[in-house]
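[1] sequence? don't have it. structure:
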């Protein structure tokens, strides 16, 4: 099977202080993806992150949660991509997204960083913005001055349920997205609504 995505990265900040914060939505997705396949992410010094290699419906995927802080994510991503000779276009970076509501997610082929420090550093290290993104909605606090506290704040009960629901749906559509059927995966994921 031809594979368009070889590496799935979850952006977040390491350590207990940041566990279950909105900014870690990408990392929470990658943890769930590893669990789904009976694997767990393990510290791997040479990639500056937590790593697992999984099989998902015939796909061979490298999973990475950088354990650098968010604004140094690119260091970790480049280390793993270089080691396995993975091209930027074959990388899917999952990250929190202020501009879409909780419980929703969107695939995106490439683009700018939109002010997201993890994406900014990834673009700087890879030398291109031509990597794929998975934008996981966390909603917006409504006031730009409150954004930092909001993204670093813990997920509430309803937000956690919505995030878990959309993560389950992402995992269901990921095999299509990773194997050349991105439009079908996009259609399904982009119409998903948490109950």
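    Here it is on my side, so go on. Here the structure is a predicted model, which means the values were calculated and not measured. Numbering: from 1, shown residues only.

[2] hey, where'd the strands end up in the chain?
    7-10, 42-44, 49-56, 59-66, 91-97, 105-108, 132-137 (DSSP state E).

[3] which elements pack onto the fourth one?
    Packing partners of strand 59-66 (3 or more C-beta pairs under 8 Å, 6 or more residues apart in numbering; DSSP states H and E): strand 7-10, helix 25-36, strand 49-56, helix 73-83, helix 157-178. Using the backbone N, CA and C atoms, a C-beta is placed for each residue, glycine as well.

[4] so who does the closest residue to residue 43 other than its chain neighbours touch?
    The shortest distance from residue 43 to any non-neighbouring residue, by C-beta to C-beta, 6 or more residues apart in numbering, is to residue 50 (5.9 Å). Residue 50 makes contact with 41, 42, 43, 44, 64, 65, 67, according to C-beta atoms under 8 Å, 6 or more residues apart in numbering.

[5] residue 120 now?
    When contacts are counted by C-beta under 8 Å, 6+ apart, residue 120 touches 71, 113.

[6] do you know how far residue 193 is from residue 95?
    Distance from residue 193 to residue 95, counting by C-beta to C-beta, to the nearest Å: 21 Å.

[7] between the two, which one's more packed in?
    Taking other C-beta atoms under 10 Å, residue 193 and residue 95 do not tie; residue 95 has more neighbours (28 against 11).

[8] center of this protein, which residue is that?
    Nearest to the mean C-alpha position of the chain, by C-alpha atoms, centre = their mean, lies residue 94 at 1.6 Å.

[9] so what pLDDT did that one get?
    pLDDT, residue 94: 98.

[10] state the distance from the nearest residue to residue 62 once chain neighbours are set aside to residue 146.
    In this structure, residue 62 finds its nearest non-sequential neighbour in residue 7, 4.4 Å apart by C-beta to C-beta, 6+ apart. With the distance defined as C-beta to C-beta, residue 7 ends up 33 Å from residue 146.

[11] so the two - more neighbours on which side?
    Ranked by neighbour count (other C-beta under 10 Å), residue 7 and residue 146 place residue 7 first, with 22 against 12.

[12] who's in contact with the more buried one?
    61, 62, 63, 64, 80, 81, 84, 86, 90, 91, 92.

[13] give me the distance between it and residue 195.
    The separation that residue 7 has from residue 195, given C-beta to C-beta, amounts to 31 Å.

[14] try residue 13
    Distance from residue 13 to residue 195, by C-beta to C-beta: 30 Å.

[15] report pLDDT for residue 1.
    Looking at residue 1, its pLDDT stands at 53.

[16] buried ones among the contacts of residue 7?
    Buried residues within the contacts of residue 7, counting neighbours by 16 or more other C-beta atoms under 10 Å: 61, 62, 63, 64, 80, 81, 86, 90, 91, 92.
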